[in-house]
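**Student:** 3D model of this:
(one chain, ligands or ions: 1)
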Amino acid sequence: MKRLLLFDIDGTLTRSQNGHVPFNQAILETFGVSGDIRSVIPDGNTDPLIVAEIFSKGNILIQDIDDKWQQFSSNLRRCYSQAISSGNTAVHALPGAADLLQTVGAGGIFASSVVSGNLEPMARVKLETAGLYSYLCRGAYGSDSPRRADLPAIAKRRCEESLGVSIPLSECIVIGDTPRDLEAARCNHMKCILVATGRYSLEELLNCQAELCLPDLTDTAAILKTLLNI
Ligand SMILES: [Mg+2]
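**Tutor:** As a prediction, the model looks like this:
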């Protein structure tokens, strides 16, 4: 039987530096107004809802906003890729992430995929830059639904189709860094592991009552044991 690991990206597998610069540039290019992602708490949210919250906080009304996501996605990918190439923005794999993905990928028991609020093209840019893209099956993204709780089921279905197997919900584990990752897991009757490498401390995450909370992903052997037994 397969177990499906659904990894969040930002704060779980990767960390970006100065990611706000290309994000804000894409807002300006797409919507014609300034908006600053630093004015909201984006962690665990999806890109469309992050942008909507930025505009809401700034009392900015965008006409026909839903017609503009495709353009935003393409602008964001270009702005982010340019910022990475020029060295103004960086994306790194978090400690232990590559080792863990490599280890779980080698055993034949686990399939690894993604549940992320990033728009899909951006998820790819970040994972490729961090050297993690090849370990992960296509999952679900902020471009599939602005509601994070919709995403685990979409990722599960895509993985089942691509692997040609059926994976029970009891074998699906969401791995994220925010209470929103846990909420999305619970809405889908999936298990959840939270990692304190994002905005939230280990103490804060422990209050959320996930199956397990970890300081980071560095203890590959212990995490593997947990992933097999929870
Ligand atoms: Mg995250």
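**Student:** Output the longest helix belonging to this structure.
**Tutor:** Longest helix in the chain, counting residues (DSSP state H): helix 69-85.
**Student:** Tell me where the model's unsure across the protein.
**Tutor:** Counting by pLDDT under 70, the chain has low-confidence residues at 1.
**Student:** What residue in it comes nearest to the ion?
**Tutor:** G11 (3.7 Å; C-beta to the ion). C-beta: built from backbone N, CA, C; applies to glycine.
**Student:** Leaving out the residues flanking it, which one is nearest to that residue?
**Tutor:** Counting by C-beta to C-beta, 6 or more residues apart in numbering, G198 is the residue found nearest to G11 once chain neighbours are left out, at 2.5 Å.
**Student:** For this structure, which segments count as helices?
**Tutor:** 20-31, 47-57, 69-85, 97-106, 120-129, 151-163, 179-187, 202-206, 220-229.
**Student:** Give the buried residues for the last one.
**Tutor:** Buried positions in helix 220-229, judged by neighbour count with 16 or more other C-beta atoms under 10 Å: 223-224, 227.
**Student:** The first one now?
**Tutor:** Buried residues in helix 20-31, defined by neighbour count with 16+ other C-beta under 10 Å: 22-27, 30-31.
**Student:** CSV please, covering the residues you listed and showing distance to A106.
**Tutor:** Below are the buried residues of helix 20-31 laid out as CSV (distance: C-beta to C-beta, whole Å):
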residue, distance to A106
P22, 34
F23, 35
N24, 40
Q25, 40
A26, 37
I27, 41
T30, 41
F31, 44
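**Student:** Could you pull up the residues touching the spatially closest residue to F72 that is not a sequence neighbour?
**Tutor:** Leaving aside its sequence neighbours, F72 sits nearest to T30 (C-beta to C-beta, 6+ apart; 4.3 Å). For T30, the contact set (C-beta atoms under 8 Å, 6 or more residues apart in numbering) comprises 68, 71-72, 75.
**Student:** Around the ion, pick out the residues from this structure.
**Tutor:** 8, 10-11, 177 (C-beta under 5 Å from the ion).
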